[in-house]
Structures are given as structure tokens and as C-alpha cells.
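A.B. asks: Kindly return the folded structure for what I paste below:
(chains A, B, C and D)
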There are 2 protein chains.
Amino acid sequence: MSVKRKAPTLNDVARQAGVSTATVSRCLNFPDQVTAKTRETVMSAVRKLAYSPNFGARVMAVNRTNTIGAIIPTMENAIFARGLQAFQEELRRHGYTLLVASSSYRADIEEEQIRSMVSRGADGLLLIGHERDPAIYRFLETQDVPALVAWSHDCTKSLPSIGFDNRKSMRALAEKVIEMGHRRMAVISAAMKTNDRASLRVHGIRDAMNSAGLDPAELPIIETTYSIDAGAQAFDQLLAAPVPPTAVICGNDVLAVGAIKQARALGLDVPGDVSVTGFDDIELATIVEPALTTVHVPHRDMGTRSASMLIGLVEKKCIGEAIELEADVRLRGSLAPPRA
Amino acid sequence: MSVKRKAPTLNDVARQAGVSTATVSRCLNFPDQVTAKTRETVMSAVRKLAYSPNFGARVMAVNRTNTIGAIIPTMENAIFARGLQAFQEELRRHGYTLLVASSSYRADIEEEQIRSMVSRGADGLLLIGHERDPAIYRFLETQDVPALVAWSHDCTKSLPSIGFDNRKSMRALAEKVIEMGHRRMAVISAAMKTNDRASLRVHGIRDAMNSAGLDPAELPIIETTYSIDAGAQAFDQLLAAPVPPTAVICGNDVLAVGAIKQARALGLDVPGDVSVTGFDDIELATIVEPALTTVHVPHRDMGTRSASMLIGLVEKKCIGEAIELEADVRLRGSLAPPRA
DNA sequence: ACCTGCAATGTAAGCGCTTACATCATAACT
DNA sequence: AGTTATGATGTAAGCGCTTACATTGCAGGT
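C.D. replies: Modelled structure (predicted):
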């Protein structure tokens, strides 16, 4: 069928240059082990044939790829995009290449991709969140591929990780909300089943309610997908309740922006009629009117540090630890005390 | 140094299961060519050893990777993120895996990554924009790796591509601006040297001016980086001119949002005191106040169709063509006639 | 002239997999 | 029982590269 013209090989170059394959290989990998003259001959042969080394073959020979894989839920989420960009920049600085795949928040796809990355010879893996089948961790261990979890910090897990405490941070935010006098709150969250960050955040809200003597059982929660429209729709639904909430706590900024947009559409004043909060502090948060009270997450910093640590693990120069970054509440216009 | 424990190989599995490597291989790739009993034995050996095939070796044996590479300028740009997500979903549907790398808008890094992708055996490549060293195209041809250019349409190039005409679309937008009565316009653009989309868009503005009898030479242009703050700063600078513009045309939505934000900070009314327009129609565009007049680009559609076409090229089932998608002007609140 | 030592180069094994081909066992025929 | 077709399995070559080890050539010592 597809007549794949064979690409030139080391051998072709060697023949063209009139030397052995070993010399060509050395020329490419350790140029100073070779005479200037030979080097030139070889290099011009390389250019003439437009030779490009076969990565698979090289990997097989040396068993090292200098490649790190990252599997994120989706590239459409700005927080991952930004963190990954920083991650890649740091990797590059150390001579590593980044390969990215996205799982669409599906555990089965994620697993498939983890296996794919490993079989492609990734030296290390960046994963998002702790929640996954333990078998996968065993698999990674057997294959001797170090993995690092980011965007989530959980000291009960032993995996190396670098992230913030979703639960604690959301609790801090919820406490502010309660402090302001809100009693009837509601939540718009991402799906909690497949996303430990989302569920931890909701837990944080419950924690705050508990310690304020409020009953978490009465907290309305809507789970929905990650999009502005979904947030808007959920907001609509929440506000239609017989006794509508005075504050809507959203699991992330995108949902919160949707909520604010819908409030506008309903003719409600934010924060006069209803307060709205987010999580992540993406650019959107300071663009909306009113600006979003949210939790600031140091995405780029997290990306950079994840890269350093993962490289350390790969090169066995450091042992994995669970590092917690601070994610702090940013009070802005969208949160105010409820109407008396 | 790093004592890489060897991962189990096909051979190990074969020994463990008491069969030959060929049987194991068949078991994994063509399960129905093997007795149910053997299959079970083999599979349990696979599980027991947590075996994972070595991708490099497989590639070398079959010379096919089912992998498509995409090299984008940055993941931090929502338009690429969204398009790529769609691209990946479509690839997956056809059994292909996507590998992403980002070049930070640097031609040298991009070239390096193209080579890296090719040497990793990518069956095809998705590239952004036409502008690059012709040597690279020759390289891709020699290596017999099909490439498709997206996010840009230019019928003068012969490369297969799928995108919209940046110049034409921006021209249409600029015409609207002029139609409204604006005469003093200014531009905030991304760097034009390394980014043909950016420069084509500016050309479009000039086209519109020309056909309206305006002198493009008088058009102030600030080139800056892709960020809200950069847009804000550039806006500041433009408005400080002795005769400030009545309309600021931005090369993309992010810059435009920065401009609007800065207008707010300067106490200027948009569109009363100054109109602002964007390009891309990302989510931000409808969130800002006032909503952004911009050019809508069908990012997801572009991603999906790029995937189909690239697969077609890889499998030699179709020949490359240059497809133009429509990108149409969306008139919203940020554009109005200038004050009389 | 001869040896020594070293740098440059060549030779060939082996990395883990697929697959054409050879072999073998079994069932279905005479 | 003897033959044959058929399907399951085994054997081994080869994919393109790196690298340990062998070989060669040459400068500098005697």
C-alpha cells in the first residue's frame, strides 16, 4: 500500500562519506573524537542526504531518551497550559524534550497514555492529581519510570508531588465568605468523581461550614463541565431555588465567570444581590466585572519546580518529596457581605 | 551512575509463559491467531511481569508509529489549545497518538523540534503558519513526512494547509472600522518578524486603508508580546500621542482585552472615547465589558479538519490541498463611530 | 631502523521487536 | 492406518543505531 520511501540511514551516510558507521556515529555524538577533516566529509554527506537519525534505533542502543512525558486532563484549561509552558521551558534548559498528551479527564485514556509514554521510553512522567488506579503506580515502579504529581498536594500520599492543598485553600476562601456574613451558600463544581482537585475543594468548603457551626448537608452542589456556559447554566439553576443562595462558590474561575455572566443576564447585581467566588486566578479573573475573588495558584512556578524535581528524580540526584506551595485567597469585587 | 533496572522484554515474557517470542508478539498484536489457552498463559505472564512493549523496537521492526506531531508556538495561547484539543480527539478516533511540542515562537526551536519529531518517527506533522526556512520543507520531503500548515491560508504556497485568510479577514474588520467613520487608527500587533499571521493581519489593515484612500504610512503600529499586560502598555503608549487614535485595532483578542483594561484604568470610555477591536474570538472576547468586536475563527473545526486531512496524507488516501475556512467579523460593543 | 604509545578508525555484537518461513500437531479425509 | 490440509507455534533474520574491542597509522623516543 503506502510506499514509504526509505529514509537515509547511518549506513548510507557512512558509504557516502567513505567511512565506517562508527565514525559517523561518533561524528554526530562526540565530534571531538574525530579528525576535523573526517568530520567535514561526514557532515557534508549528512547534509547531502538530509540524514536524520532514527530515534527508535538510538533509544534501543543506549536505553535513554531524554524525554519527559506530561499527561494533562485538557489543554483547553489555561492553568495547565501555563504551567506546562513553564515546565517545558525548564526541561529544555536541561536538555530534555517534553511530550504532552491530554486525557480529556478520562481515567481510561489517561492510563492508555501513561503506558504509551512509558513504552515510548519517557524517562519520567508528570501527572495531574493523585487519584488513579494503584495498579498504574505499580506499573510505573516496575518500569522504573519516576512520576511526579502536580496541581495537588496531599501529604497522606507518598508519591513525590508538588502542588498546593486544594482543600485547605478552598477552606480559607469559604471561611472568608462565611466571615462576611453569608449563611446560604451554593456550589458549582467540576465533576468530582474523576477529579480529586474538585472533590477536595468541595471538602474544603464543608470544613469551613463545619467549623462555623453550619450544616454541610444543606449545601447545594451542582456538578458540571468545565466551561463558561456550563457555569452560567448551573448558576441559573441555583438561583431558581425557593430560597436562593447569597453566595455562589465555584470550583474554578471559568465556572465563576459563567456565573457572573448569567447574573448579569438575570439582571442581578454582583456582589449586591449575590456574591461569586472562583479558584485558580487565571487572567479572566481580573477581566470580568466585578473582578473575581478567587484563590491564586502559582501555576508557572509549579511548572518550573516540577521540572527541576522530575529531572532530579530521573537522574537519581534527589529523592521524591511532597512539596506544598502556597495558594492564597485574593479578595476582589465579586465578594461582599450579603444584603441585610 | 543511574542504575537503570532493565524493564522486562518480550523474551522475558516468552520464557515466563513457556512459548516463543513470536507467539507472544502475535498474542499482543493479533490475538486471534493464537489459541485461547496460550493467550491466557501469555497474558498472565504479561501481567505478572508488568510488561510494556518497547516502542522504539517495535517502530524499528515495522517502520510505522501511528503518531502525529504538532508543533505550536505556545500552549498558553487559547486558540491553539482549543484547536489542538479538537485535533487530538479526531486523531484518537482514527487510532493515532498526538505528540505536542511548543516552540515559544522561536524559529530555531521550531526547527529543532521538527527534526526531533521526525526522528521520533512521527508519521505526519502539524505546523502553524507558512513562514519558515525552505530547507525544512526540503528536509520533510526527503524524509517523506507529510506536513500540514494550519491557522493560516495562503494560496500562493503550495503546501497543504487548512486555515483562514488572515489578511482578508483583518481587512474586512478594518473596513468596518473605517466605515464607521474612523480616520485615526492605530495598531497593536504581535511580533511580525517571526509570525506570518501577525504580519498578514497588519497587511489587511493597510489594504483597507488603501482602498479607502487613507495613507497606510501614517498608521502607528506597536509590536509587543502576547499578553494582556503588554496590550495594556501598548495602548497606554498609543493614547499618549499628541493626536491619539479613535480606534485601536489589535492583532488578537488578548492584546485587545489589555487595551480595554487600560482604557478603563485611564478613565476612558470604550467605545465612546476610543474603539477597540480584536482577532480570534476567544472566550475572553465576550466576557470583557464592553464585549469585543473581533474576527471569529473556527478553531475547533480547524483542528478537526486538520486531523482528517493529515491522516489522509499519511495514509496516502488524499492529496494535499489548501483549504480556506471562513473567519467572519463579529460586531460587538467595543466598536462604535468616533465622537463627532 | 625499530619500538612504544596514542589517537583515529574499523569491526561486529546486541538493543527488543516483527514476520517470513519452517516445523509440528491435529483433525479430516480416503 | 495412511495421507493431507489446516492452523498453531517456533526459528531466525533484520530494522538502525551505539560502543567495546580490535586494528591501523603515525609521531616521538631510543
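A.B. asks: Tell me how far the residue of the stretch 201-340 of chain A at minimum distance from DNA strand D lies from DNA strand C.
C.D. replies: Going by C-beta to the nearest atom of the strand, DNA strand D is nearest to A:E315 of the stretch 201-340 of chain A, at 16.0 Å. Every residue, glycine included, has its C-beta placed from N, CA and C. Distance of A:E315 to DNA strand C, given as C-beta to the nearest atom of the strand, to the nearest Å: 20 Å.
A.B. asks: Repeat that for A:V149.
C.D. replies: Distance from A:V149 to DNA strand C, counting by C-beta to the nearest atom of the strand: 27 Å.
A.B. asks: give me the beta-bridge partners of the closest residue to that residue other than its chain neighbours?
C.D. replies: Distance criterion C-beta to C-beta, 6 or more residues apart in numbering or on different chains; nearest residue to A:V149, sequence neighbours excluded, is A:S161 at 4.0 Å. A:S161 forms beta bridges with A:V149, A:A322, as assigned by DSSP bridges.
A.B. asks: what do you get for A:T67?
C.D. replies: Under the criterion used (DSSP bridges), A:T67 bridges to A:T97.
A.B. asks: Low-confidence bits of chain A, can you list those?
C.D. replies: Counting by pLDDT under 70, chain A has low-confidence residues at A:1-5.
A.B. asks: tell me the contacts of the residue in it that DNA strand C sits nearest to?
C.D. replies: Nearest residue of chain A to DNA strand C, counting by C-beta to the nearest atom of the strand: A:A22, 3.1 Å away. Residues near A:A22 by C-beta atoms under 8 Å, 6 or more residues apart in numbering or on different chains: none.
A.B. asks: Provide the secondary structure category for it.
C.D. replies: Three-state call for A:A22 (DSSP: H, G, I helix; E, B strand; the rest coil): helix.
A.B. asks: the strands in the stretch 151-300 of chain A, which residues?
C.D. replies: A:161-163, A:185-190, A:221-224, A:247-250, A:275-277, A:294-296 (DSSP state E, counting those that start in this stretch).
A.B. asks: which residues touch the residue nearest to A:V149?
C.D. replies: Applying C-beta under 8 Å, 6+ apart to A:S161 gives the contacts A:H130, A:L148, A:V149, A:A150, A:S152, A:H153, A:D154, A:A322, A:I323.
A.B. asks: among the residues you listed, who's most crowded?
C.D. replies: Neighbour counts for the contacts of A:S161 (other C-beta atoms under 10 Å in any protein chain shown) peak at A:A150, which has 30 neighbours.
A.B. asks: wait, that residue sits on A:M302?
C.D. replies: Yes: counting by C-beta atoms under 8 Å, A:A150 touches A:M302, with 5.9 Å between them.
A.B. asks: shared neighbours of those two, anything?
C.D. replies: A:G83, A:I162, A:G163.
A.B. asks: for the helix or strand that contains the first one, packing partners?
C.D. replies: In other words, A:G83. Secondary structure from DSSP states H and E places A:G83 in helix A:78-93. Counting contacts by 3 or more C-beta pairs under 8 Å, 6 or more residues apart in numbering or on different chains; DSSP states H and E, helix A:78-93 is packed against strand A:67-72, strand A:97-102, helix A:299-314, helix B:78-93, strand B:97-102.
A.B. asks: Tell me which of these approaches B:D144 most closely.
C.D. replies: Closest approach to B:D144 among these (C-beta to C-beta): strand B:97-102, 18.2 Å.
A.B. asks: Tell me the helix or strand right after the closest one.
C.D. replies: Assignment by DSSP H and E places the next element after strand B:97-102 at helix B:107-119.
A.B. asks: that older thread, would you convert the helices and strands packed on helix A:78-93 into TSV that also reports mean neighbour count?
C.D. replies: TSV is the format used below for those (neighbours: other C-beta atoms under 10 Å in any protein chain shown):
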stretch	mean neighbour count
strand A:67-72	26
strand A:97-102	25
helix A:299-314	22
helix B:78-93	22
strand B:97-102	25
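A.B. asks: Tabulate those (JSON lines), appending distance to B:M170.
C.D. replies: JSON lines is the format used below for those (distance: least, C-beta to C-beta, whole Å):
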{"stretch": "strand A:67-72", "distance to B:M170": "32"}
{"stretch": "strand A:97-102", "distance to B:M170": "31"}
{"stretch": "helix A:299-314", "distance to B:M170": "31"}
{"stretch": "helix B:78-93", "distance to B:M170": "15"}
{"stretch": "strand B:97-102", "distance to B:M170": "25"}
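A.B. asks: Could you report the separation of the residue of the stretch 201-340 of chain A closest to DNA strand D from chain B?
C.D. replies: Note on A:E315: its distance to chain B, by C-beta to the nearest C-beta, to the nearest Å, is 6 Å.
A.B. asks: got it, and A:V13?
C.D. replies: Counting by C-beta to the nearest C-beta - A:V13 and chain B are separated by 13 Å.
A.B. asks: Is A:E76 part of a helix or strand, or is it coil?
C.D. replies: Going by three-state DSSP: A:E76 is coil.
A.B. asks: got the contact list for it?
C.D. replies: A:E76 touches A:Y226, B:A78, B:A81, B:R82, B:Q85, counting by C-beta under 8 Å, 6+ apart.
A.B. asks: A:M60 looks like it's in a strand, true?
C.D. replies: No: counting by three-state DSSP, one finds A:M60 to be helix, located in no strand.
A.B. asks: Burial check on the residue nearest to A:I323 when sequence neighbours are not counted, number of neighbours?
C.D. replies: The shortest distance from A:I323 to any non-neighbouring residue, by C-beta to C-beta, 6+ apart, is to A:I162 (4.5 Å). By other C-beta under 10 Å, 27 other residues sit near A:I162.
A.B. asks: And for the helix holding A:G83, what's in contact with it?
C.D. replies: With C-beta under 8 Å, 6+ apart, helix A:78-93 has contacts from A:68, A:70, A:72-75, A:97-98, A:100, A:126, A:128, A:150-151, A:280, A:282-284, A:297, A:299-304, A:306-308, A:311, B:74-76, B:78, B:81, B:101-102, B:104, B:109.
A.B. asks: how about it as PDB, C-alpha atoms only?
C.D. replies: The C-alpha atoms that make up helix A:78-93 are tabulated as PDB, following Å, rounded to 0.1, in the frame of the first residue of the first chain:
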ATOM      1  CA  ALA A  78      -5.500  27.700  30.900                       C
ATOM      2  CA  ILE A  79      -4.000  26.700  34.200                       C
ATOM      3  CA  PHE A  80      -2.400  23.600  32.800                       C
ATOM      4  CA  ALA A  81      -1.400  25.300  29.600                       C
ATOM      5  CA  ARG A  82       0.500  27.900  31.600                       C
ATOM      6  CA  GLY A  83       2.100  25.500  34.000                       C
ATOM      7  CA  LEU A  84       3.200  23.200  31.200                       C
ATOM      8  CA  GLN A  85       4.700  26.000  29.200                       C
ATOM      9  CA  ALA A  86       6.900  26.800  32.200                       C
ATOM     10  CA  PHE A  87       7.600  23.100  32.700                       C
ATOM     11  CA  GLN A  88       8.700  22.700  29.100                       C
ATOM     12  CA  GLU A  89      11.000  25.800  29.300                       C
ATOM     13  CA  GLU A  90      12.700  24.400  32.300                       C
ATOM     14  CA  LEU A  91      13.100  21.000  30.700                       C
ATOM     15  CA  ARG A  92      14.600  22.500  27.700                       C
ATOM     16  CA  ARG A  93      17.100  24.300  29.700                       C
END
